[in-house]
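Asker: Below are the sequence and a predicted model for it; my questions follow.
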Amino acid sequence: MALIEVDNVVKIYNPGLADELTAVHAASLSIEAGEVAVLTGPSGSGKTSLLSLIGCMARPTSGRILVDGKDVVKLPERFLTNIRRQAFGFIFQQFHLIRELTVLENVLLPLFPLALGTRTMNERALSILERLKIDNKKHLQVKKLSGGEQQRVAIARALINKPRIIIADEPTAHLDRKLAQEFIDTLDQLNHEGKTIIIATHDPFVHDNPLVTRSIVMRDGQIERIDTK
Amino acid sequence: MTKHLKIIDYAVSSLLRRKFKNGAIMAAYIGTVAALASVLFLTRSLQTETTALLQGVPDLIVQRTLGGRHELIPVDYKAGMAGILGIGTITPRYWGYYYDALTKANYTLIGSGGETAPLTMLEGRLPQTPDECAVGAGVAALRHSGRSGQLILVDSRNTGVLFEVSGLFTSESDLLTNDLVVLTDRSLIDFFGYPPGLATDFAVSVPNSSEVQTVAAKIKKLFPDTRPITKRELVRTYDMVFNWRSGMMLTVFSAAVIALCIMAWDKATGISAEEKQEIGILKAIGWDTSDILALKFWEGLIISLTSFLTGVIVAYMHVFFFNASLLAAVLKGWSVLFPAFHLTPSFNSFHLLIMAFLTIIPYIASTVIPTWKTAITDPDSVMRG
Ligand SMILES: Nc1ncnc2c1ncn2[C@@H]1O[C@H](COP(=O)(O)OP(=O)(O)O)[C@@H](O)[C@H]1O
Ligand SMILES: [Mg+2]
């Protein structure tokens, strides 16, 4: 059984209104545990929309999405939050860190709703910051960091809940080649630790990378082709 | 529990991050609460003062009326009343009002034969000769005439009269004794030029309080041109002056109105795009709707509770340490003379509680409710800038 199963999913924005828009049309795909899957296609083809649906950030208009065999589409909001928290770690295109908070505070943020002790929280956060080599800046406000450093904080935050799936949307958009390579290296490591990785990107440097095991090509909201290696 | 401690922790840091906005809200909030609580404290203290004051009032005051107006009463009536059963003593009282052009203040001049409130002499003694007077602490301060000073007042013939200040007094209630000048009956009659044989009113004591009404009725029957006022009626009148209930209503009403204004303002300001995005981020990284609402609840509670308590403390200082300097002029407008007025701390915790509810709850509601809509929407908007 695949880790992620997307079955005939449709996403319509503003249904019934004048600006109704079908962003994802009858998409079906599956991703196995341990894969590095890439959604590619031109801008506006529906990559981000499909990624949101897979990551339980939004609900499809119709169709089924199974995470670990469980249909998440009809789950009540609270359960959806739980799945989002336990299964997924997100790295957003704009990082979406809270700029006035410190590096450490940002990384701790996903842990606040869990009833963990302060010490456990800090230990977890520090070990991840160390591994991403950003622990020396832990008390610095995020807005004082460079783009590459901010992305490392964003990755750290995505990892703090020990998710099995990492989701990243256009992760190299704000990075130069060197930093993009560093990012790929980090993903490689995470993948070797068993994490499944799903990336939306139109950067050839990412989607042509040997790391990628499955490449899902989108056009106008539809899946044009799926290549596997 | 740990979870809420963490969320409170985050709420505090969120509030600190928006120092300017939250500071402005808190300042407005504290100002509002301080104003309302000042009114509450002041009204309550005045009421307490009044109660103390009324303790010195005679059981029955007999005035004469002519054409519905207060007239001087013939001292002869005393003999006629003396026969009424139940009456203890009858004391003719001589008093009047005096406007002092020099200090632009109203004094109450009263003859020493029938002073109302029990006066506590601070220094010296009550006047014993016609050229002596005793003054309340307020008058003394205003005229800089301590004891052994002098007081010049202009009498009804427009002649300045010089009185030696023989004593300085205060009483349990500063409110009315403050502007009091006590003369001997003799010099008071001269001063105002009252015709001989007439007094301002009679103070009548009735040893058995249950007979006061009957005695009053008998006096009215015997002397139809008089108006006996019982102590109880007086209490009621005073209560109306500081009409407690309507005062309370006013307070409650304005508290509600202002709370609504804060709420409306907050609603109008809405949650900023930045806040909206932050809520989206929190949801995306695993916060539940209820966690976000809890966060907003704590933010609202921290702001409103801190502001409320600060406001109450500010009001307490204002009223009882600074003698309600900002409100006194308005509320006690009928007398200009309150330099040394000192209020005794007194407050009603029930009223404070009502005020707490009327300001804190709407505020929390106004922080949580606008968040609701954002908190329940799918967080996928954070996926796009
Ligand atoms: N919240 C939204 N409301 C309406 N239309 C949207 C919304 N989000 C995305 N779209 C539209 O859906 C289409 C697909 O967008 P998106 O999934 O972001 O594509 P991509 O990530 O491939 O660029 C675009 O035409 C976009 O304008
Ligand atoms: Mg996109």
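Answerer: Thanks, I have the structure now. Ligands and ions are numbered 1, 2, ... in the order given.

Asker: Roughly how far does the residue lying closest to B:Asn22 once chain neighbours are set aside sit from B:Ile7?
Answerer: Excluding the flanking residues, the one nearest B:Asn22 by CB to CB, 6 or more residues apart in numbering or on different chains is B:Leu15, at 5.2 Å. In short, each C-beta sits where N, CA and C put it, glycine included. In this view, B:Leu15 and B:Ile7 are 13 Å apart by CB to CB, to the nearest Å.

Asker: tell me the pLDDT at B:Phe118?
Answerer: Slight slip there: residue B:118 is Pro, not Phe. If you check B:Pro118, the pLDDT there is 62.

Asker: And the one 5 residues further on, by the same measure?
Answerer: Reading off the confidence values, B:Glu123 has pLDDT 77.

Asker: That one touches B:Leu168, doesn't it?
Answerer: Yes. Here B:Glu123 reaches B:Leu168: they are 4.5 Å apart, a contact under CB atoms under 8 Å.

Asker: helices or strands up against the helix or strand hosting the residue nearest to B:Asn22?
Answerer: Using DSSP states H and E, B:Leu15 sits in helix B:2-17. Secondary-structure packing of helix B:2-17 (3 or more CB pairs under 8 Å, 6 or more residues apart in numbering or on different chains; DSSP states H and E): helix B:289-316.

Asker: could you redo the last one with a cut-off of 10 Å?
Answerer: Helices and strands touching helix B:2-17, by 3 or more CB pairs under 10 Å, 6 or more residues apart in numbering or on different chains; DSSP states H and E, are helix A:103-108, helix A:118-131, helix B:19-54, helix B:273-284, helix B:289-316.

Asker: Show me what the third one is packed against.
Answerer: If I follow you right, that is helix B:19-54. Judged by 3+ CB pairs under 10 Å, 6+ apart, the packing partners of helix B:19-54 are helix B:2-17, helix B:174-177, helix B:231-241, helix B:244-269, helix B:289-316, helix B:328-331, helix B:349-376.

Asker: now the first one
Answerer: Other helices and strands packing on helix A:103-108, by 3+ CB pairs under 10 Å, 6+ apart, are helix A:118-131, helix A:147-159, helix B:2-17.

Asker: Reformat those as a markdown table; add mean neighbour count and distance to A:Thr22.
Answerer: Below are these laid out as a markdown table (neighbours: other CB atoms under 10 Å in any protein chain shown; distance: least, CB to CB, whole Å):
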| stretch | mean neighbour count | distance to A:Thr22 |
| --- | --- | --- |
| helix A:118-131 | 16 | 39 |
| helix A:147-159 | 23 | 29 |
| helix B:2-17 | 16 | 38 |
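
Asker: okay, now the domains of chain B?
Answerer: Following automatic domain parsing, one gets these domains for chain B: B:2-53+B:240-384, B:59-230.

Asker: ok, of those domains, where does mean pLDDT dip lowest?
Answerer: Among the domains of chain B, domain B:2-53+B:240-384 scores lowest, at a mean of 78.

Asker: touching ligand 1 at all, stretch A:85-100?
Answerer: No. Judged by CB under 6 Å from any ligand atom, stretch A:85-100 and ligand 1 are separated, with a smallest distance of 8.9 Å.

Asker: Would you mark the buried spots in that stretch?
Answerer: Using 16 or more other CB atoms under 10 Å in any protein chain shown as the test for burial, stretch A:85-100 gives A:85, A:87-98.

Asker: and chain B, which of those contact it?
Answerer: A:Arg85, A:Phe88, A:Gly89, A:Phe90, A:Phe92, A:Gln93, A:Gln94, A:Phe95, A:His96, A:Leu97, A:Ile98 (CB under 10 Å from any CB of the partner chain).

Asker: Distance check, the first one against A:Gln94.
Answerer: Think A:Arg85. 21 Å.

Asker: Where does the closest residue to A:Gly194 other than its chain neighbours fall, secondary structure wise?
Answerer: Spatially, and ignoring its direct neighbours in sequence, A:Gly194 is nearest to A:Gly34 (6.1 Å; CB to CB, 6+ apart). According to DSSP H and E, A:Gly34 maps onto no helix or strand at all.

Asker: wait, A:Gly34 sits on A:Ile198?
Answerer: No. With contact defined as CB atoms under 10 Å, A:Gly34 does not reach A:Ile198; the gap is 11.9 Å.

Asker: Could you pull out the residues contacting both of the two?
Answerer: Counting by CB atoms under 10 Å, 6 or more residues apart in numbering or on different chains, the common neighbours of A:Gly34 and A:Ile198 are A:Leu3.

Asker: Settle it for me: which of the two has more neighbours?
Answerer: A:Ile198 (24 against 15; other CB atoms under 10 Å in any protein chain shown).

Asker: What about the buried residues of stretch A:85-100, which are in strands?
Answerer: A:Phe88, A:Gly89, A:Phe90, A:Ile91 (DSSP state E).

Asker: from those, which is closest to chain B?
Answerer: Top of the list for closeness to chain B, among those and by CB to the nearest CB, is A:Phe90 at 5.8 Å.

Asker: Mutual contacts of B:Leu15 and B:Ile7, please.
Answerer: Here B:Leu15 and B:Ile7 have B:Trp298, B:Glu299 as joint contacts, going by CB under 10 Å, 6+ apart.

Asker: Tell me which stretches of chain A form helices.
Answerer: Using DSSP state H, the helices of chain A run over A:47-54, A:77-87, A:103-108, A:118-131, A:147-159, A:177-192, A:204-207.

Asker: can you pull the alpha-carbon coordinates of the first one into CSV?
Answerer: In CSV, the C-alpha atoms belonging to helix A:47-54 read as follows (Å, rounded to 0.1, in the frame of the first residue of the first chain):
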residue,chain,number,x,y,z
LYS,A,47,1.5,22.3,-8.3
THR,A,48,0.9,24.2,-5.1
SER,A,49,-2.7,23.4,-5.0
LEU,A,50,-2.1,19.7,-5.3
LEU,A,51,0.7,19.9,-2.7
SER,A,52,-1.7,21.6,-0.2
LEU,A,53,-4.2,18.8,-0.7
ILE,A,54,-1.7,16.1,-0.2
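
Asker: export the helices and strands packed on helix A:103-108 to CSV and tack on distance to B:Phe192?
Answerer: CSV is the format used below for those (distance: least, CB to CB, whole Å):
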stretch, distance to B:Phe192
helix A:118-131, 80
helix A:147-159, 87
helix B:2-17, 65
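
Asker: Kindly reformat the domains of chain B as a markdown table containing distance to A:Val10.
Answerer: Listed next are those as a markdown table, based on distance: least, CB to CB, whole Å:
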| stretch | distance to A:Val10 |
| --- | --- |
| domain B:2-53+B:240-384 | 15 |
| domain B:59-230 | 79 |
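
Asker: Dump these to JSON lines, plus distance to ligand 1.
Answerer: Shown next, in JSON lines, are the domains of chain B (distance: least, CB to the nearest ligand atom, whole Å):
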{"stretch": "domain B:2-53+B:240-384", "distance to ligand 1": "6"}
{"stretch": "domain B:59-230", "distance to ligand 1": "68"}
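
Asker: Ok, which of those domains comes nearest A:Val9?
Answerer: Nearest to A:Val9 among the domains of chain B is domain B:2-53+B:240-384; the distance by CB to CB comes to 13.8 Å.
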